[in-house]
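Undergrad: Dropping the sequence and predicted coords here.
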Amino acid sequence: MDIAAAPVAEPAADRRAARTRRYLMTTPTFFAVEYVINPWMDASTPVDTNLALAQWDALRRTYLDLGHRVEIIEPITGLPDMVYAANGGTIINGRAVVARFAHAERAGEAIAYARWMADNGYQPFETRHVNEGQGDFLAVGARILAGFGFRTDSRAHDEVADHVGMDVVSLELVDPRFYHLDTALAVLDDSTVAYYPPAFSDESRVVLERMFPDAIEVTSADAYVLGLNVVSDGRNVVLPAAATGFAEQLRLAGFRPVGVDLSELLKGGGSVKCCTLEVHS
Ligand code: ARG
């Protein structure tokens, strides 16, 4: 073998491989904080809807620049939280499960997501128990991690597992600030996650340690800016820009952090992942 042609060690940022993704997003035309259903929300804080729209659009363009496909769902007046598209359902393995929201204020959103599913060749399956879509159901390779404790009812975990034909691992959330699994845990690729241990019950922490011995554990500083609310394509990790410590951890692990500012959407208790429903192929 010609020594000169021998492969040179790749720089850390090139160790990971991206896969092209398909995302659904809902324009925050009617975004506001009009009611309080999580500890991040304060109805007396003014929201700048134009700024929310600009920040959201920058996120959309970030995905397009990374080569991903983005489809838009039209927002509905009177549903200010509809921008958090991740909660609309779970689409995986050729199956689609539409959300059944915990709070009446968001119930109407499910209709729009069910319609998208039906129009795009998926039969929207309705669970009997509360399930808040990809807020609480996160696919990691062939398995789904599912949160319960605040929103999604653990009985819906079995309904989803049966319907989509995948194993579901239940994880208990114990801190109301981290009320959806996607606020406490980030899926980085088919076998790598990052999480904030204090958001989980002791039992669930043991489960996570066993399943993911190499997981990245983030600090409170990063968790409290919703730093784990990220969207990864396996290499590029789009995350809240304020989560600088986590960005460094990602870099050291060979990922490429891409920071975005979604400060207006944080006022509703959501960030990057909340605004993004991935259609898993
Ligand atoms: N205000 C919304 C709620 O409390 C925020 C949802 C955030 N979405 C998420 N996937 N964590 O329901």
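TA: Cool, the structure landed. Numbers count the residues shown, from 1 in each chain.

Undergrad: okay, CA-based contacts and neighbour counts for the rest of this
TA: Will do.

Undergrad: surely residue 241 meets residue 260?
TA: Yes. Using Cα atoms under 8 Å, residue 241 is in contact with residue 260, at 4.9 Å.

Undergrad: wait, what's in contact with residue 245?
TA: Applying Cα atoms under 8 Å, 6 or more residues apart in numbering to residue 245 gives the contacts 218, 219, 222.

Undergrad: Just the ones of these in strands?
TA: Among the contacts of residue 245, no member falls in strands (DSSP state E).

Undergrad: Correct me if wrong, but residue 248 is in a helix.
TA: Yes. The assignment for residue 248 (DSSP: H, G, I helix; E, B strand; the rest coil) places it in a helix.

Undergrad: Could you check how many residues crowd around it?
TA: Using other Cα atoms under 10 Å, residue 248 is surrounded by 14 other residues.

Undergrad: And it, how far from residue 195?
TA: In this view, residue 248 and residue 195 are 15 Å apart by Cα to Cα, to the nearest Å.

Undergrad: Kindly report the residues of the stretch 1-150 of the chain close to the ligand.
TA: For the stretch 1-150 of the chain, the contact set with the ligand under Cα under 6 Å from any ligand atom comprises 37, 38, 81, 84, 86, 87, 135.

Undergrad: which one of the residues you listed is nearest residue 27?
TA: residue 84 (9.3 Å; Cα to Cα).

Undergrad: Please look at that closest one and residue 270 and confirm they touch.
TA: Yes. Under the criterion of Cα under 8 Å, residue 84 makes contact with residue 270 at 7.0 Å.

Undergrad: quick one, what contacts the residue of the stretch 151-281 of the chain found nearest the ligand?
TA: Residue nearest to the ligand within the stretch 151-281 of the chain (Cα to the nearest ligand atom): residue 274, separated by 3.6 Å. Residue 274 makes contact with 84, 85, 86, 87, 135, 182, 229, according to Cα under 8 Å, 6+ apart.
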